[in-house]
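>>> build the 3D model from these lines:
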Amino acid sequence: MRDTFLRMLTDDEKNLLHEMLEDTEAGYRAKIILLKCDGYTVPEIRRATNHHDSNIRKWIHRFNEKGLDGIASKVHKHKPTKITDDMENKIVEIVTKNPRTDYGLPFSTWSLRVLAGFIFRSTPCG
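As a prediction, the model looks like this:
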C-alpha cells in the first residue's frame, strides 16, 4: 500500500503543523505528516515516532481527505459529569464497607469495575 500526498503542503499548512507539534494530542499526528512531507516512508516514520504502521497510514489518509481538519484534535461538546459532595460521600460510604458482610455480595473486596457497577445500579448517582 502506498501512502502519498494528494497535494503539496502550502507554507501556511506547514507552519500550522509546526504549531500543532506543541499540542500533545495532535502533535504526533502533525509529526507524521511533516515526516511524510519530507519524503520519509511509513517504516521510517514508525521508527521515528514509535507508532504502528496502521495508525501512521490512518493519519496520512485523513490528512489527504480532509487536510489539517483531518488531524486536528476534536473539541468535545459534552459536559463532564460533576460529582457532587453528596455523591462523593455516598461513594466513600460504600467503598469503606465490606461487600460480603454489609451488602451480601459473594466477595470481600471491591474491584474498581464491580464497585462502579454496584454504585451505578444501587444509588441515585448512576
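
>>> what residue of the chain is the furthest out?
In terms of distance from the mean C-alpha position of the chain, residue 101 ranks first, at 38.9 Å (C-alpha atoms, centre = their mean).

>>> need the nearest residue in space to it, chain neighbours excluded.
Leaving aside its chain neighbours, residue 101 sits nearest to residue 108 (7.8 Å; criterion: C-beta to C-beta, 6 or more residues apart in numbering). In short, each C-beta sits where N, CA and C put it, glycine included.

>>> report how many residues lie close to that neighbour.
9 (other C-beta atoms under 10 Å).

>>> what separation do you get for it and residue 92?
18 Å (C-beta to C-beta, to the nearest Å).

>>> cool, residue 13 as well?
Noted for residue 13: a distance of 51 Å to residue 92, by C-beta to C-beta.

>>> who has more neighbours, those two?
residue 13 (16 against 10).

>>> my guess is the more buried one contacts residue 68. True?
Yes: in this structure residue 13 lies within contact range of residue 68 using C-beta atoms under 8 Å: 6.2 Å.

>>> first-to-last residue distance for stretch 32-52?
Distance between the two ends of stretch 32-52: 11 Å, counting by C-alpha to C-alpha, to the nearest Å.

>>> apologies, that question was intended for stretch 13-29.
Taking C-alpha to C-alpha as the criterion, the two ends of stretch 13-29 lie 13 Å apart.
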